[in-house]
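**Q** got a predicted structure here, sequence first:
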Amino acid sequence: MNARIVLLGSGELGKEFAISAKRLGCRVIAVDRYDDAPAMQVSDQREVIDMLDGTLLARCIRRHKPDFIVPEIEAIRTSELLKLEKAGYSVVPSAFAAHMTMNRDAIRELAAKELGLRTARYAYATSAQELADAILAKAGVGLPCVVKPTMSSSGKGQSVVRTKADIAKAWKYAIAGMRGDRPVVIVEEFISFDYEITQLTVKERASQGGGVKFVEPIGHRQERGDYQESWMPCPMKPAAKRAAREMSAKVVERLAGKNGAGIFGVEFFVQGNEVIFSELSPRPHDTGMVTLRSQDLSEFDLHLRAILGLPIPEIRYNGPTASAVILATHEGTNAPEYAGVAAALATPSVEVRLFGKPTARKHRRMGVVLAHGKSADDARKIATNAARKIRVE
Ligand SMILES: Nc1ncnc2c1ncn2[C@@H]1O[C@H](COP(=O)(O)OP(=O)(O)OP(=O)(O)O)[C@@H](O)[C@H]1O
Ligand SMILES: [Mg+2]
């Protein structure tokens with residue numbers, strides 16, 4: 001025990017992970033590009049650096065000499081993580097996994113071409129003209145379609161193109177919303193799915209048998225490419241559930257390799273009998289915050305146990321549960337205050353998690369409400385109603 005963990009990214013997911021790690025006696029150094037980020041507030045030490053700067057990143061790691069480097073976001077100079085892993089550092093779940101998921105194109109190529117997973121039709125573009133060609137050409141992606149920067153998260157820079165006239169706008173929007181320095185977008189066929197899920201998949205350490213374990217599927221709803229609510233259970237036809245697990249195991253085992261361990265959030269669209277791979281996070285997933293309440297070991301506990309090579313017994317499920325996000329409604333509010341928390345907590349089974357972000361921006365996720373219900377639909381209603389009562393001021 002007493003592992004030293006450098007957490008690269010200190011948002012709400014990092015915060016919950018740090019809490020899990022502190023409970024098992026780890027020492028956590030939280031890193032982000034701004035000070036007082038959520039995970040920093042519950043960690044032993046903090047570092048404020050630009051993690052896309054390889055030199056700064058390597059210097060930070062070498063100073064702290066962690067037992068584990070745990071990325072929490074995509075926007076990290078992952079080529080540096082590959083070097084650090086070669087030098088003997090343990091990157092979670094593996095430097096390869098972090099590197100392949102830094103940009104959407106690398107993981108898409110691996111999933112679609114190498115592993116043969118079913119995905120939406122897609123193409124790449126490096127200019128508005130190329131984007132138009134990729135969409136409108138005879139064998140192109142067609143309309144409607146979804147345009148995303150190859151490096152971004154939480155729906156930033158993502159838009160749906162319905163007509164030819166939207167294309168130039170979508171290009172500009174993607175470039176304005178991208179992270180990093182590569183002006184490349186992916187354009188995907190729009191899938192009118194029946195529902196979408198996150199399949200949380202745990203890869204254990206070789207010392208624990210190196211197996212793959214699954215959390216029950218999590219249903220979720222997104223707006224503007226960003227998650228609004230998630231719930232469990234999410235009933236699936238047995239064949240679809242099996243397909244999602246098989247595809248998850250395939251991609252997780254490839255990314256983790258022999259020695260890697262940790263939790264992955266694998267995203268799928270389900271349309272009729274078809275299960276379509278979308279993308280994945282080699283770390284806890286935002287929609288997986290529902291597991292803070294739905295089961296005894298949350299996705300953060302599972303990530304930590306996998307990393308430390310601790311046993312992962314059968315997960316005990318607490319019944320229908322939902323999460324609903326609390327969003328800021330205003331631009332640039334510093335030290336935001338929260339009204340209506342008491343009203344939200346007046347409903348039995350409701351719990352509130354405020355992330356403690358130092359600044360609010362319009363649509364920024366500031367907290368989450370968790371609730372149980374008689375069914376998943378009931379839990380969703382309770383969580384959403386409670387979340388609506390909380391205002392960021
Ligand atoms: N090809 C598509 N067809 C239909 N809907 C899509 C498509 N791609 C994305 N979406 C919708 O947009 C959401 C966000 O897309 P995606 O997961 O690729 O972006 P993201 O920015 O990585 O989001 P996050 O970081 O929150 O996971 C999806 O969960 C889905 O609801
Ligand atoms: Mg996603």
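**A** Yep, it's here. Ligands and ions are numbered 1, 2, ... in the order given.
**Q** okay, the residue nearest to residue 391 when sequence neighbours are not counted and residue 325: tell me how far apart.
**A** The shortest distance from residue 391 to any non-neighbouring residue, by C-beta to C-beta, 6 or more residues apart in numbering, is to residue 339 (4.6 Å). Quick note: C-beta positions are derived from backbone N, CA and C, even for glycine. Per C-beta to C-beta, to the nearest Å, residue 339 is found 17 Å from residue 325.
**Q** next one: residue 21
**A** Taking C-beta to C-beta, one finds residue 21 at 24 Å from residue 325.
**Q** longest helix in this structure, by residue count?
**A** If you go by DSSP state H, the chain has its longest helix at helix 238-256.
**Q** parallel or antiparallel, which strands does the helix or strand following it pair with?
**A** Note on helix 238-256: by DSSP states H and E, the next helix or strand toward the C-terminus is strand 262-271. With DSSP bridges as the test, strand 262-271 is paired with strand 195-203 (antiparallel), strand 274-281 (antiparallel).
**Q** show me how far strand 262-271 is from its chain's centre.
**A** Between the centre of strand 262-271 and the centre of its chain there are 10 Å (C-alpha atoms, centre = their mean, to the nearest Å).
**Q** for the lowest-mean-pLDDT helix or strand in the chain, name the packing helices and strands.
**A** Scoring the helices and strands of the chain by mean pLDDT, DSSP states H and E places strand 333-334 at the bottom, with a mean of 88. Secondary-structure packing of strand 333-334 (3 or more C-beta pairs under 8 Å, 6 or more residues apart in numbering; DSSP states H and E): strand 359-360.
**Q** can you tell me which helices and strands the strand it packs on packs against?
**A** Strand 359-360 packs on strand 333-334, going by 3+ C-beta pairs under 8 Å, 6+ apart.
**Q** what lies in contact with the helix or strand that comes right after the strand it packs on?
**A** For strand 333-334, the following helix or strand on the C-terminal side (DSSP H and E) is strand 338-339. Residues from elsewhere that reach strand 338-339, judged by C-beta atoms under 8 Å, 6 or more residues apart in numbering: 326, 354, 366, 367, 390, 391, 392, 393.
**Q** any idea what the second one is bridged to?
**A** When you say that, I think you mean residue 354. residue 367.
**Q** quick check, central residue of this structure?
**A** Central residue of the chain (C-alpha atoms, centre = their mean): residue 285, 3.6 Å from the mean position.
**Q** on that earlier part again, can you list the strands that the least confident helix or strand of the chain pairs with?
**A** Sheet partners by DSSP bridges: for strand 333-334, these are strand 359-360 (antiparallel).
**Q** surely residue 213 is in contact with residue 204?
**A** Yes. Using C-beta atoms under 8 Å, residue 213 makes contact with residue 204 at a distance of 6.9 Å.
**Q** the two: which is more packed in?
**A** The neighbour count for residue 213 versus residue 204, taken as other C-beta atoms under 10 Å, is higher for residue 204 (21 against 18).
**Q** pull out the buried residues from the contacts of strand 338-339.
**A** 326, 354, 366, 367, 390, 392 (16 or more other C-beta atoms under 10 Å).
**Q** from ligand 1, how far out is residue 197?
**A** Taking C-beta to the nearest ligand atom, to the nearest Å as the measure, residue 197 and ligand 1 are separated by 10 Å.
**Q** got the contact list for the closest residue to that residue other than its chain neighbours?
**A** Once flanking residues are discounted, residue 197 sits nearest to residue 217: 4.5 Å by C-beta to C-beta, 6+ apart. Shown in contact with residue 217 (C-beta under 8 Å, 6+ apart): 197, 198, 199, 232, 233, 234, 236, 241, 244.
**Q** any idea how many residues pack against the second one?
**A** Residue 198 has 29 neighbours, counted by other C-beta under 10 Å.
**Q** kindly report the same for the third one.
**A** Burial of residue 199, expressed as a neighbour count using other C-beta under 10 Å, amounts to 27.
**Q** for it, which residues make a bridge with it?
**A** Beta-bridge pairing of residue 199 under DSSP bridges involves residue 266.
**Q** isn't it up against residue 248?
**A** Yes. Because the distance of 4.7 Å satisfies C-beta under 8 Å, residue 199 is recorded as touching residue 248.
**Q** which residues are in contact with each of the two?
**A** Common neighbours of residue 199 and residue 248 (C-beta under 8 Å, 6+ apart) are 214, 266.
**Q** quick revisit: excluding its backbone neighbours, what's nearest the residue nearest to the centre of the chain?
**A** Residue 285's closest residue in space is residue 265 (C-beta to C-beta, 6+ apart), at 2.6 Å.
**Q** let me know the helix or strand that the closest residue to residue 376 other than its chain neighbours is in.
**A** Distances taken as C-beta to C-beta, 6+ apart place residue 231 nearest to residue 376, at 4.4 Å, with adjacent residues excluded. Per DSSP H and E: residue 231 is located in strand 226-232.
**Q** who are the packing partners of that strand?
**A** Other helices and strands packing on strand 226-232, by 3+ C-beta pairs under 8 Å, 6+ apart, are strand 218-223, strand 321-327, helix 376-389.
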